[in-house]
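Engineer: Got a predicted structure plus its sequence, pasted below:
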Amino acid sequence: MNNPLVSHWTPRGTVYGPLLNFQREHALWAPRMSEAPYKAPPQAPVLYIKTANTFSPSGGTVVLPPGAEALAVGATIGLVMGEPLPGCSRPRLSALAGCVLLNDWAVPHDSYFRPPVKSRCADGLLGVGAALAPVPVAWDGLQIEVRINGVWKQTVALAELVRPAAQLLADVGEFMTLQPGDVLMVGTDCLEDGSRPLAKAGDTVEISAAGFRPVVHTVVKNLGAAA
Amino acid sequence: MKHARIAWAGAVHDAVEKEGQLELLTPAFAGRRVGFDDVVWLPPLAPLPRPRTILALGLNYADHAKELEFKPPVEPLAFLKGEASLIGHRAFTVRPNGVKFMHYECELAVVIGREARCVKKDDALDFVGGYTVANDYAIRDYLENWYRPNLRVKNRDTCTPIGPWLVDAADVPDPQTLALRTTVNGKLTQQGNTQDMIFDVPTLIEYFSAFMTLMPGDLILTGTPDGVVDCQPGDVIVTEIDGIGALTNTITQEQTGSDSDSGK
């Protein structure tokens, strides 16, 4: 009854994320894009879905999925769809209900060939900020900080998107409708070596950005597996 | 029992099949029967308080895997879909202009009946609420080898007809002995049997629930057998599974300019 999470914001629609939407990761992958099994660079936004079982309110724990030793941290912003504007069939930034800070956790995976349902959709693998924030006016100045146990690990600069938020919305709208309540994440960035910050059991991960409530989770072992 | 969700007389209703008609469950009309032709059929799925998880299987029939020149997968090849792609029985599915190859996929759809987490194969069917028929269209022109099959191929508006009925699990004692077939304009083009699934329904529930909690109303589309052909505007596609239902769908042309912000 006194659960503080009852007032916590949670997605009411489908949550989508784009693959390879930061310039650094895209550039690191570029030399391999024409090789097997990929054979060509992606032409349209490649999306994945974060299912409802992944939603994990900020302030809680995230359990290591079966077999995982560590989780990759994926600091990102989610664009939350509002009601469509009259006479406008395409989603626009001006029609968003707001934005939310998210931690798009994943079990690290090296191949982008097959949909990584196991790596991205295990229980708890989407850390969700407590409340919607207004849509940023200056996307290019927006930065997300990642800290693990209080130690700085990564700064994600939204100026470095391959498809900036407005373009991503438009390009996704070319082939599917985002409904009111759906969330489109702008993507996650890697570190200089192509990896992502890793968190293991016992680590507390905080992601923060100006204008947003921080998203904090502590990684714990799967107790059921040990029992 | 066969359950339907329909629009009739200005409202959405739950209904059940009774002697070749739909019997409404809505209190104001409880017991009233209407004809199949007198309603708009919606996906036979109650709305959920949270986003519905829709899992779909690629290459889950040996013959289909062979047709596509792939080895049968060693673990289920799964992808996800958004609920916006779902549409009901007798609906229209849009074929985008200029595409060369768009095909149906007749699939047994499993509807989860209760929360499933770390379920073992032997108990898995106890977690099924019911079954329905899905037609999981793919537009092959858009296939890319990044998280393949990518959502541009598989998650388009109107491209996942489902229904007409949600058939109670109790009425389907063995989901692995069901003949399925597809006709295009009355001509048989695809046939198979759920006994030829590489990963059967209990195995899929065990596999998914080992890492993701499935909730009532979540869906698993179990893959399609050999025999997919291109569909053109005007084609009427019927995907049918014995004992579950016959799902009718008509292909329609994309309206020029419908995706533009100009006008209207």
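Structural biologist: The structure has been received and is ready for your questions.
Engineer: what about the longest helix in the chain?
Structural biologist: Using chain A. If you go by DSSP state H, chain A has its longest helix at helix A:165-173.
Engineer: meant chain B actually
Structural biologist: helix B:201-209.
Engineer: Can you tell me what sits against whatever helix or strand comes next after that one?
Structural biologist: Downstream of helix B:201-209, the next assigned helix or strand under DSSP states H and E is strand B:219-221. With contact meaning C-beta atoms under 8 Å, 6 or more residues apart in numbering or on different chains, strand B:219-221 is reached by B:45, B:52-57, B:81, B:107-112, B:134, B:136, B:201, B:204-205, B:208. In short, each C-beta sits where N, CA and C put it, glycine included.
Engineer: what's the neighbour count on residue A:213?
Structural biologist: When neighbours are defined as other C-beta atoms under 10 Å in any protein chain shown, residue A:213 has 18 of them.
Engineer: re the thing from before, out of the contacts of strand B:219-221, which are inside helices?
Structural biologist: Residues of the contacts of strand B:219-221 located in helices (DSSP H): B:201, B:204-205, B:208.
Engineer: Break down the chain into its helices, ranges please.
Structural biologist: The chain I'm using is chain A. A:23-29, A:117-120, A:165-173, A:223-226.
Engineer: please go with chain B instead
Structural biologist: Using DSSP H, the helices of chain B run over B:62-67, B:151-154, B:201-209.
Engineer: Looking at those helices, spot the one closest to chain A.
Structural biologist: The closest of the helices of chain B to chain A is helix B:151-154. By C-beta to the nearest C-beta, the value is 4.5 Å.
Engineer: what's the distance between that closest one and the middle of its chain?
Structural biologist: 15 Å (C-alpha atoms, centre = their mean, to the nearest Å).
Engineer: Same question for stretch B:223-231.
Structural biologist: Relative to its chain's centre, stretch B:223-231 lies at 14 Å (C-alpha atoms, centre = their mean).
Engineer: do the same with stretch A:131-148
Structural biologist: Chain-centre distance of stretch A:131-148: 13 Å, with C-alpha atoms, centre = their mean.
Engineer: ok, and what's touching that stretch?
Structural biologist: Residues contacting stretch A:131-148 (C-beta under 8 Å, 6+ apart): A:8-9, A:73, A:75-77, A:79-80, A:93-94, A:96-101, A:152-159, A:164-165, A:197, A:199, A:203-213.
Engineer: By mean pLDDT, point me to the weakest helix or strand of the chain.
Structural biologist: No chain was given, so I picked chain A. Among the helices and strands of chain A, helix A:223-226 carries the lowest confidence by mean pLDDT, DSSP states H and E, at a mean of 54.
Engineer: actually it's chain B I care about, not the one you picked
Structural biologist: Min over SSEs of chain B, mean pLDDT, DSSP H and E: helix B:62-67 (a mean of 65).
Engineer: winner for burial among the helices of chain B?
Structural biologist: helix B:151-154 (a mean of 24; mean count of other C-beta atoms under 10 Å in any protein chain shown).
Engineer: close to chain A, is that helix?
Structural biologist: Yes - applying C-beta under 8 Å from any C-beta of the partner chain, one finds helix B:151-154 touching chain A at B:151-152.
Engineer: before we move on, back to that, which among the ones in helices among the contacts of strand B:219-221 gets closest to residue A:184?
Structural biologist: Closest approach to residue A:184 among the ones in helices among the contacts of strand B:219-221 (C-beta to C-beta): residue B:208, at 24.5 Å.
Engineer: can you pull the contacts of the residue nearest the centre of chain B?
Structural biologist: The centre of chain B sits closest to residue B:134, judged by C-alpha atoms, centre = their mean, with a distance of 1.8 Å. For residue B:134, the contacting residues are B:106-109, B:160-162, B:219, B:221, B:239, B:247, by C-beta under 8 Å, 6+ apart.
Engineer: average pLDDT across the longest helix of chain A?
Structural biologist: For helix A:165-173, the mean per-residue pLDDT is 95.
Engineer: List the buried residues in it.
Structural biologist: Within helix A:165-173, the residues that count as buried by 16 or more other C-beta atoms under 10 Å in any protein chain shown are A:165, A:168-170, A:172-173.
Engineer: and which of these is nearest to residue B:13?
Structural biologist: Distances from residue B:13 to these, taken by C-beta to C-beta, are shortest for residue A:173, at 32.4 Å.
Engineer: pretty sure that closest one is touching residue A:84, no?
Structural biologist: No - using C-beta atoms under 8 Å, residue A:173 is not in contact with residue A:84; the gap is 10.5 Å.
Engineer: Name the residues contacting each of these two.
Structural biologist: By C-beta under 8 Å, 6+ apart, the residues touching both residue A:173 and residue A:84 are residue A:91.
Engineer: Specify the beta-bridge partners of the nearest residue to residue B:21 once chain neighbours are set aside.
Structural biologist: Closest residue to residue B:21 apart from its sequence neighbours, by C-beta to C-beta, 6 or more residues apart in numbering or on different chains: residue B:33 at 4.2 Å. Residue B:33 has the following beta-bridge partners by DSSP bridges: residue B:23.
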